[in-house]
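>>> Quick one, fold the following:
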Amino acid sequence: MAPVKVFGPAMSTNVARVLVFLEEVGAEYEVVDIDFKVMEHKSPEHLGRNILVLMYSCFLAAVRPIPAFQDGDLLLFESRAISKYVLRKYKTGEVDLLREGNLKEAAMVDV
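Residues are numbered from 1 along each chain as shown. Below is the predicted model:
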């Protein structure tokens, strides 16, 4: 299986959040650095990874869609959504980090 890709600088808080979850589940991943100094985060190539940014660009002009995440043909942005996806994809019978088996615990994870 090809490693997933995380687009963004590893020192970014939101990118780091995703990387922690990937490490926690032992997933293979590749970090693709996005250079803010040359405005790479606003390049058509990077913005193309996020259909919502393209659809609502007039409202999201200040948004920096970092991190972006690619798993095969699935493209995501928003670190919390990516993190939940990772935990669901690599969920095992032993560990349920999202606590989806218990409604109250799951709500606390979402906070």
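>>> Every contact and neighbour count from this point should use C-alpha atoms.
Noted.
>>> how near is residue 108 to residue 87?
Distance, residue 108 to residue 87, by C-alpha to C-alpha, to the nearest Å: 16 Å.
>>> Helices along the chain, start to end?
Secondary structure of the chain (DSSP state H): helices at 13-25, 44-47, 51-55, 79-89, 103-110.
>>> I'd like these as CSV, with distance to residue 32 appended.
Below are the helices of the chain laid out as CSV (distance: least, C-alpha to C-alpha, whole Å):
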stretch, distance to residue 32
helix 13-25, 11
helix 44-47, 11
helix 51-55, 19
helix 79-89, 15
helix 103-110, 27
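>>> Reformat those as TSV; add mean pLDDT.
Below are these laid out as TSV (pLDDT from 0 to 100):
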stretch	mean pLDDT
helix 13-25	93
helix 44-47	60
helix 51-55	51
helix 79-89	92
helix 103-110	87
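>>> what sits against the spatially most central residue of the chain?
Residue closest to the average C-alpha location in the chain (C-alpha atoms, centre = their mean): residue 82, at 3.5 Å. For residue 82, the contact set (C-alpha atoms under 8 Å, 6 or more residues apart in numbering) comprises 18, 69, 76.
>>> quick one: contacts for the second one?
Listed by C-alpha under 8 Å, 6+ apart, the contact partners of residue 69 are 4, 5, 6, 7, 75, 76, 77, 82.
>>> Quick check: beta-bridge partners of it?
residue 6, residue 76 (DSSP bridges).
>>> ok, residue 108 - how many residues close by?
Neighbours of residue 108 under the rule other C-alpha atoms under 10 Å: 10.
>>> Quick check: the gap between it and residue 83.
In this structure, residue 108 and residue 83 are 15 Å apart, going by C-alpha to C-alpha.
>>> Now for the residue nearest to residue 99 when sequence neighbours are not counted, how many residues are close by?
Excluding the flanking residues, the one nearest residue 99 by C-alpha to C-alpha, 6 or more residues apart in numbering is residue 106, at 4.8 Å. Residue 106 has 15 neighbours, counted by other C-alpha under 10 Å.
>>> wait, isn't residue 106 in contact with residue 97?
No: Residue 106 is beyond contact range of residue 97, at 9.0 Å (criterion: C-alpha atoms under 8 Å).
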